[in-house]
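Q: Output the structure for:
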Amino acid sequence: MSNRTWTLADALRRDNLQMVGKLLVVVLLMFGFGYALVPVYRAVCTSLGINVLSLSERTHAVRAEDVKNTQVDVSRTISVEFDTNARGPWDFKPAVKHLDVHPGELTTVMYEFKNVQSRTMSAQAIPSYAPKQATAHFNKLECFCFNEYTLAPGESKQWPVVFYIDPKLPRDVKTITLSYTFFEVEGKKQAVAPLVAPVQERRL
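A: Numbers count the residues shown, from 1 in each chain. Next up is the predicted model:
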């Protein structure tokens with residue numbers, strides 16, 4: 001009877017260990033998926049050409065001659081809304097929440113970013129647009145989303161976005177939302193800076 005009881009208890013213990021192992025594997029897979037989500041998103045969207053960088057962003061700039069040939073359509077007004085998201089405890093916001101612009105009108109909007117962490121960080125922004133048909137008509141001459149940036153603890157920066165909306169934008173589109181997600185670049189995390197500076201020895 002005791003051998004049977006020991007066998008059942010041993011089997012239950014073995015089953016419990018197997019279940020814990022399976023749960024740990026699931027947790028690790030979910031954790032890895034979360035870290036891989038941004039680069040996978042960028043790779044898939046780049047290959048399919050959807051919901052990410054417009055043609056001008058892929059080439060990092062709009063040609064100056066294209067801007068000179070763009071005519072401002074004063075008969076139309078487009079409301080552009082600016083939205084920001086930060087993956088981490090960082091301050092990231094536009095100087096203005098929205099602007100009314102004419103198609104073809106060159107516009108500049110400043111964005112403010114501050115690293116509120118106690119360590120140096122490298123980060124980059126990914127833009128998205130709503131509605132989707134506005135993506136091909138939203139042209140940037142200058143944008144912080146073209147590059148990665150490294151900020152020291154407590155460091156603040158201001159970055160411009162210079163853009164114009166192609167007058168060929170469909171007339172039923174009256175509002176465009178430009179949204180940026182700012183995320184830390186994996187593999188470039190820096191060590192935490194000391195909160196208290198070391199005391200230097202005073203010589204007499």
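Q: Now do the domain split for the chain, please.
A: 1-48, 52-184 (automatic domain parsing).
Q: Please identify the most buried of those.
A: Ranked by mean neighbour count, the domains of the chain are led by domain 52-184 with a mean of 16 (mean count of other CB atoms under 10 Å). C-beta: built from backbone N, CA, C; applies to glycine.
Q: pLDDT (mean, whole number) over that one?
A: Here domain 52-184 scores 86 as its mean pLDDT.
Q: looking just at contacts, which helices and strands does the helix or strand harbouring Val80 meet?
A: Under DSSP states H and E, the secondary-structure element containing Val80 is strand 78-87. Here strand 78-87 touches strand 91-94, strand 98-101, strand 107-114, strand 175-184, going by 3 or more CB pairs under 8 Å, 6 or more residues apart in numbering; DSSP states H and E.
Q: between those strands, which one is nearest to Ser128?
A: Minimum separation from Ser128 across the helices and strands packed on strand 78-87 (CB to CB) falls at strand 175-184, 5.0 Å.
Q: tell me which strands and helices that closest one is in contact with?
A: Strand 175-184 sits against strand 78-87, strand 121-130, with contacts defined as 3+ CB pairs under 8 Å, 6+ apart.
Q: following the last one, which helix or strand shows up next?
A: The element immediately downstream of strand 121-130 (helix or strand, assigned by DSSP H and E) is strand 138-142.
Q: Alpha carbons of that next one, as CSV, please.
A: What follows is strand 138-142, C-alpha atoms only, in CSV (Å, rounded to 0.1, in the frame of the first residue of the first chain):
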residue,chain,number,x,y,z
PHE,A,138,2.2,62.8,-47.0
ASN,A,139,5.7,63.9,-48.1
LYS,A,140,8.5,64.7,-45.6
LEU,A,141,11.6,66.8,-46.4
GLU,A,142,13.0,66.4,-42.9
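Q: Parallel or antiparallel, list what pairs with that strand.
A: As defined by DSSP bridges, the strand partners of strand 138-142 come to strand 156-165 (antiparallel).
Q: Contacts for the partner strand next, please.
A: Applying CB atoms under 8 Å, 6 or more residues apart in numbering, the contact partners of strand 156-165 are 62, 67, 70, 78, 80, 101, 103-115, 134, 137-145, 149, 151, 176, 178.
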